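In: Sequence and predicted structure are below.
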Amino acid sequence: MENHVHSALICASRLIRLAGLNPMDIETFSQKVAIDTSVKTTLASLQRYIVQFSQTASVRFKIRKQALEKIRQEQLPLAFRDRQGNFILLARMNEQQVLLQYADDKKPQMLSYQSLADMWGGMILCCSHSRFDIRWFIPPLRRHRKPLMQVLLLSLLLQFLALISPLFFQVIMDKVLVHHALTTLEVLIFILVIVGVYEVILKGLREYIFTHTTTRVDILLGGKLFQHLIRLPLSYFKQRHVGNIVARVRELDNIRDFITGSALTLCVDVVFTLVLFIVMWCISPLLTLIILSTLPFYLLLAVMTTRPLQKKVEALCGFAAQNGAFLTETVSGVETVKSLALEPRMRQRWESQTRDFAQANFQVQNLQNLSSQAAQLLQKVAGALVIVIGAYHVMSVQLSIGQLIAFNMLALQALMPMSKLVDLWQQSIRAQVGLKLISDILSLPVEPEADPAAPHPAISGNILLKNVAFRYRPDLDPVLHDLNLSIRAGEHIGLVGPSGSGKSTVARLLQRLYNTEQGVITIDGYPINHLSPEYLRRQVGVVMQESYLFNRTVRENIAHSRPTATLTEVVNAASLAGANAFILALRESPDLNF
């Protein structure tokens, strides 16, 4: 077997680049670890080199066996080993065609799916960054575990207080009314009033603590999500509609409501149901068995509605994101819409999409309503059986009237969490779909943070681009190919060319908004991949082709990168940009709010 480490390392470096991270220099790494190309390559030695490469690149890679039929779209891009032992990058794939790139080729190529199947060797190399799951929500909840435990404790106390009323009714029916014990009745009524007052106070206190805690959790989760979102590479935002991104961010509310909402308190209700069943068993074992016999039907109901509800919820979320994206695009491009008189066409498209969304929402609501009514039917059937069989027991003096009333009240309390569990199961399906959508944001690697050990040299402006190549997507032709450019500090140059020739691309590469496919860019001799993106961008002055004004004052828009700038500095900056004349003509300038 020939040594194929080099092809694996090239594919690993390309996977890092496609993930939006810093690519690794293969030649430097090969010299650093002293790869011996004269010996045969075994799987163990290949894995050892990949582990060393992972540690050097600060990215975790995995080599494992996997059949081609089991490759999922969310795994792409990845590298696979062909039958000759070479690793090949697989960027995209469908049932007819695949997009792949050989290690020695600079351009990807499109092949048929059958060609991929013929060369598939059964081994894949994938970039394994941390995947988003429900554990992402645990740290903020753990940070507020004390008030959440207080909420659970209050819920438990409320359940015990709710247990008092049925037992008191039993005493009143069997003891007070039979023996005409008015004094005992007055004492029991007084205790019930006190219990009712405490129940109201505890419920109010629980809701206050719960609302206050969830609000603080919302702030932490929202800040954590927004911080991750704005640190994603620019390529993420260029490949997705704004409306789709916003729709995914909004899924955070649904997931948070599920975790900190009814799921939290329902756990106490379900646990306390065991206590209720014990009390009910002490009253009547037969009636308790009737109630317990309905529990498998609740489970069956939840299982039967899972798959269809999940598909309908996914379709609903897709239509909602589609509507949000279309609305955002229409409002942002309203000048184009009006200039081309596209209002009728846009209205028709909006009505069509809204109709699809409404139909999907109706199907979801209809299925949820059907499930809820089925749970209510189970509860009513169980209650009717309890009353009928309990009445026979009362007439045969096996059960008192007070015991029957108390048991019926306890049975309703025990079955209510079961009905809520069916609704909670439906909410969990909605939350699972939300997790899948929001993972599109939180599973992606962000731009590297500022490293205190990274160099922060004073930049004078000597720029060198050496053999630079770049493409925006693997299936597109290169925008830049073997570009060599030297710019001295203080030199004024202009890049001239038609649209799509790469003028703006060069500026984006200099800011590390994108990473080069090959070649190196240096500033004052420092490779920009070794500089912090935040530090580098603060040293580069950029005038955008279309300046975006945020919903702030003129002064705040000018001083975004320097919030502490004085008014004199803001005016000087406006003068340099040639914007002072029209700003001074504005009313309330420079504090006019855009």
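Out: Noted; the coordinates are in hand.

In: which SS state does Arg64 fall under?
Out: strand (DSSP: H, G, I helix; E, B strand; the rest coil).

In: Please tell me the pLDDT value assigned to Leu225.
Out: Note for Leu225: predicted pLDDT of 87.

In: Mind giving me the packing neighbours of the helix or strand where it lies?
Out: Using DSSP states H and E, Leu225 sits in helix 182-230. If you count contacts as 3 or more Cβ pairs under 8 Å, 6 or more residues apart in numbering; DSSP states H and E, helix 182-230 packs onto helix 138-143, helix 145-171, helix 242-260, helix 401-442. The way it works is simple: take the backbone N, C-alpha and C, and place the C-beta from them, glycine included.

In: those strands in this protein, which residues are they?
Out: With DSSP state E as the criterion, the chain has strands at 61-65, 78-82, 87-93, 97-102, 109-112, 120-127, 463-470, 480-487, 518-523, 526-527.

In: If I look at Val195, what pLDDT would I see?
Out: Looking at Val195, its pLDDT reads 86.

In: Report how many residues lie close to it.
Out: 16 (other Cβ atoms under 10 Å).

In: wait, isn't it in contact with Ser165?
Out: Yes. Counting by Cβ atoms under 8 Å, Ser165 is a contact partner of Val195 at 7.5 Å.

In: the longest helix in this protein is where?
Out: helix 343-395 (DSSP state H).

In: Nearest residue to Arg471 in space, ignoring adjacent ones along the chain?
Out: Closest residue to Arg471 apart from its sequence neighbours, by Cβ to Cβ, 6 or more residues apart in numbering: Pro478 at 4.6 Å.

In: who are the neighbours in contact with the one you found?
Out: Shown in contact with Pro478 (Cβ atoms under 8 Å, 6 or more residues apart in numbering): 106-107, 469-471, 517.

In: re earlier: right, so of the helices and strands packed on helix 182-230, which gets closest to Leu266?
Out: Leu266 sits nearest to helix 401-442 of all the helices and strands packed on helix 182-230, at 5.6 Å, using Cβ to Cβ.

In: The closest one vs helix 242-260, what angle?
Out: With axes from the mean of the first three to the mean of the last three Cα atoms, to 10 degrees defining the directions, helix 401-442 sits at 150 degrees from helix 242-260.

In: Output stretch 271-283 as PDB, restricted to C-alpha atoms.
Out: Only the C-alpha atoms of stretch 271-283 are listed here, as PDB (Å, rounded to 0.1, in the frame of the first residue of the first chain):
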ATOM      1  CA  VAL A 271     -44.000  12.200  40.600                       C
ATOM      2  CA  PHE A 272     -46.700  13.200  43.000                       C
ATOM      3  CA  THR A 273     -49.200  11.100  41.000                       C
ATOM      4  CA  LEU A 274     -47.600   8.100  42.600                       C
ATOM      5  CA  VAL A 275     -48.600   9.500  46.000                       C
ATOM      6  CA  LEU A 276     -52.100  10.000  44.700                       C
ATOM      7  CA  PHE A 277     -52.300   6.400  43.500                       C
ATOM      8  CA  ILE A 278     -51.100   5.100  46.900                       C
ATOM      9  CA  VAL A 279     -53.900   7.100  48.600                       C
ATOM     10  CA  MET A 280     -56.400   5.900  46.000                       C
ATOM     11  CA  TRP A 281     -55.300   2.300  46.600                       C
ATOM     12  CA  CYS A 282     -56.000   2.700  50.300                       C
ATOM     13  CA  ILE A 283     -59.500   3.800  49.500                       C
END
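
In: From the chain's centroid, how far away is that stretch?
Out: Chain-centre distance of stretch 271-283: 40 Å, with Cα atoms, centre = their mean, to the nearest Å.

In: who's in contact with that stretch?
Out: Taking Cβ under 8 Å, 6+ apart as the rule, stretch 271-283 contacts 156, 159-160, 163, 167, 287-288, 291-292, 399, 403, 406-407, 410-411, 413-414, 417-418.

In: Mind checking which of those residues are buried?
Out: Buried subset of those (neighbour count, 16 or more other Cβ atoms under 10 Å): 156, 159, 163, 287-288, 291, 399, 403, 406-407, 410-411, 413-414, 417-418.

In: quick check, nearest of these to Ser547?
Out: Nearest to Ser547 among the buried ones among the contacts of stretch 271-283: Pro417, at 56.9 Å, using Cβ to Cβ.

In: So for the nearest residue to that closest one once chain neighbours are set aside, what's the pLDDT?
Out: In space, and not counting its chain neighbours, Pro417 is closest to Asp269: 4.1 Å by Cβ to Cβ, 6+ apart. Per-residue pLDDT puts Asp269 at 75.

In: Neighbours of Asp269, how many?
Out: Counted with other Cβ under 10 Å, Asp269 comes out at 21.

In: wouldn't it be in contact with Leu424 here?
Out: No. Counting by Cβ under 8 Å, Asp269 does not reach Leu424; the two are 10.2 Å apart.

In: List the contacts of the spatially closest residue to Arg83 that is not a sequence neighbour.
Out: If the residues on either side of it in the chain are set aside, Arg83 comes closest to Gly121, at 5.0 Å by Cβ to Cβ, 6+ apart. Gly121 sits next to 80-85 when contact means Cβ under 8 Å, 6+ apart.

In: what about 7 Å?
Out: 80-83 (Cβ atoms under 7 Å, 6 or more residues apart in numbering).

In: Give me the PyMOL select line for those residues, limited to the buried ones.
Out: A single PyMOL command selects the buried members of those (16+ other Cβ under 10 Å):
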select buried, resi 80+81+82
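
In: which residues does the closest residue to Leu78 other than its chain neighbours bridge with?
Out: Leaving aside its sequence neighbours, Leu78 sits nearest to Cys126 (Cβ to Cβ, 6+ apart; 4.4 Å). Beta-bridge pairing for Cys126 (DSSP bridges): Lys62.

In: and Cys126, what pLDDT?
Out: With respect to pLDDT, Cys126 scores 77.

In: Equivalent analysis for His129, please.
Out: Taking His129 on its own, its pLDDT is 57.
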